[in-house]
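**Student:** Got a sequence here, can you build the structure:
(4 chains)
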Protein chains: 2
Amino acid sequence: MDDPIFEFLSKYIDLTEEEKAIVSDIKFVRSLKKGTVLLAQGDTAQECFFILKGCVYSYYLVEGEVKVTEFFEEKQPITPVSYTTKRPSEYYLECLEDCIISMGSPERTAELMQKIPRLALMGPMMLEDELASQRIKYDTFIKLSPEQRYLHLQENSPQLLERIPQYLIASYLGIKPESLSRIRKRLVK
Amino acid sequence: MDDPIFEFLSKYIDLTEEEKAIVSDIKFVRSLKKGTVLLAQGDTAQECFFILKGCVYSYYLVEGEVKVTEFFEEKQPITPVSYTTKRPSEYYLECLEDCIISMGSPERTAELMQKIPRLALMGPMMLEDELASQRIKYDTFIKLSPEQRYLHLQENSPQLLERIPQYLIASYLGIKPESLSRIRKRLVK
DNA sequence: ATGCTTTCTTAACCCAAGTCAATGAAAAAT
DNA sequence: ATTTTTCATTGACTTGGGTTAAGAAAGCAT
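**Tutor:** Take a look at the predicted model:
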């Protein structure tokens, strides 16, 4: 059983084979086409996600303009703010490629917790990790200029530059596609 | 007993008078002069903080330049990343005014948890709040231009503009003091 | 293959923020 | 009270990202 979901869970908790079988039994996987909107602004999230295959991004629509805040890849969990707060989402979640995604619902989560109580310990641990990475993201953005942010991305997540269109990378860096083109040109020298 | 610390705790948990007495007994309060460094880059935090009076800010030193990431005021808890991870801090925490601060240590926290076990429930709740506000901060920064960020601050935290020197506000907005001066001048019209 | 759409690049021009330097105002130190 | 230091503003000039528009390149569908 080399499901990516177990590789992820093992970061927090060691499951027995029986427990893995329970998880496999309960989990709900769907294949989604590129462009599928997992969560729209204004809607309240009914599900959280775990990416088995593919790539998802989150963005705000500000006066008709896309402002990308995050890319998610394989083995990453996505817990929309709206899923936690039960209030309408301020941002979109959309598949950037054809995706295979495990969908989490409050009901399935409750069932899992009931059958494997110690899974509940994962919650705060994931929260802590999430908070740490969110802080790093903010601090990095504040500390660096657009050009430095591009270099930082190249250094730390080169695979994103391969798989994601440049106009979305530009948005993620807080600049326009034209500016990213110029930055890349400058850096070649 | 109108200690600000109880007003804060009541957001998460209702304490009886006896429990409040226990908290009062264990808590450790100190008065600190303006300019006191609560945590220096490179040091590992031994304490977390709760501001009873005064104002604290966090900043990175990047190539000799101060990059402010956050201001903390009365009734705000400060849990340095370094306190959670036990690794050296990447940023500074410093008193912007004379402060009265309640200091939290692992030992005192353990003692509190032992005497009032349900306080442990607060941890994940605070984490969740912290994560939400961190996300909002990042998203706001990404979505807005420097000028819009200034207006946003004026709208949402006008008291900060009163009590904090402009060159630190400028840094917090991601710009230079001269630029903030010009923005303010533009906006007067 | 062929055309159609999406994405990327380039160029010319504009504007806001950065830089450097000087001055003035306010706060702190003595 | 006066000196010193810190903070805020202004001006002249530079720089880098935004805007607009055009064309090239890469993907996609038929």
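**Student:** can you count the residues close to the closest residue to residue A:134 other than its chain neighbours?
**Tutor:** Of all residues not flanking residue A:134 in the chain, residue B:134 sits nearest, at 4.8 Å (Cβ to Cβ, 6 or more residues apart in numbering or on different chains). C-beta here means a position set from N, CA and C on the backbone, and glycine is covered the same way. Neighbours of residue B:134 under the rule other Cβ atoms under 10 Å in any protein chain shown: 18.
**Student:** From residue B:70, how far out is residue B:134?
**Tutor:** 9 Å (Cβ to Cβ, to the nearest Å).
**Student:** Now the residue nearest to residue A:134: which helix or strand?
**Tutor:** helix B:122-143 (DSSP states H and E).
**Student:** Now do the next helix or strand along the chain from that helix, average pLDDT.
**Tutor:** Note on helix B:122-143: by DSSP H and E, the next helix or strand toward the C-terminus is helix B:146-156. For helix B:146-156, mean pLDDT rounds to 95.
**Student:** do stretch A:78-89 as well
**Tutor:** Mean predicted lDDT for stretch A:78-89 stands at 95.
**Student:** Kindly format the C-alpha coordinates of that stretch as CSV.
**Tutor:** Only the C-alpha atoms of stretch A:78-89 are listed here, as CSV (Å, rounded to 0.1, in the frame of the first residue of the first chain):
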residue,chain,number,x,y,z
ILE,A,78,-5.6,21.8,1.5
THR,A,79,-7.8,23.1,4.3
PRO,A,80,-9.7,26.1,3.0
VAL,A,81,-10.3,28.9,5.6
SER,A,82,-13.9,28.6,4.6
TYR,A,83,-13.9,24.9,5.6
THR,A,84,-12.8,25.7,9.1
THR,A,85,-14.9,28.9,9.6
LYS,A,86,-18.1,27.7,7.7
ARG,A,87,-18.3,31.1,6.2
PRO,A,88,-18.2,32.1,2.5
SER,A,89,-14.7,31.8,0.9
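**Student:** Tell me if it is near chain B.
**Tutor:** Yes - on the criterion Cβ under 8 Å from any Cβ of the partner chain, stretch A:78-89 is in touch with chain B at A:81, A:84-85.
**Student:** Could you list the residues of chain A in contact with DNA strand D?
**Tutor:** Selection of chain A residues close to DNA strand D by Cβ under 7 Å from any atom of the strand yields A:145-147, A:174-176, A:178-179, A:182-183.
**Student:** rerun at 6 Å
**Tutor:** A:145-147, A:175-176, A:178-179, A:182-183 (Cβ under 6 Å from any atom of the strand).
**Student:** Three-state assignment for residue A:70, please.
**Tutor:** strand (DSSP: H, G, I helix; E, B strand; the rest coil).
**Student:** For the residue nearest in space to the middle of chain A, give the beta-bridge partners.
**Tutor:** Among the residues of chain A, the one closest to the centroid is residue A:72, at 3.3 Å (Cα atoms, centre = their mean). Counting by DSSP bridges, residue A:72 forms beta bridges with residue A:56.
**Student:** Report the contact partners of it.
**Tutor:** A:51, A:55-58, A:78 (Cβ atoms under 8 Å, 6 or more residues apart in numbering or on different chains).
**Student:** again with residue A:40
**Tutor:** A:89, A:92.
**Student:** Wasn't residue A:31 part of a helix?
**Tutor:** No - looking at residue A:31 with three-state DSSP, it is strand, so not inside a helix.
**Student:** Type out the PyMOL command that picks the buried ones from the residues of chain A next to DNA strand D.
**Tutor:** This is how PyMOL selects the buried members of these, with burial counted by 16 or more other Cβ atoms under 10 Å in any protein chain shown:
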select buried, chain A and resi 146+147+175+183
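**Student:** picking up where we left off before, how much space between the residue nearest to residue A:134 and residue B:80?
**Tutor:** From residue B:134 to residue B:80 the distance is 14 Å (Cβ to Cβ).
**Student:** thought residue A:66 was touching residue A:171?
**Tutor:** Yes - Residue A:66 is within contact range of residue A:171, at 5.7 Å (criterion: Cβ atoms under 8 Å).
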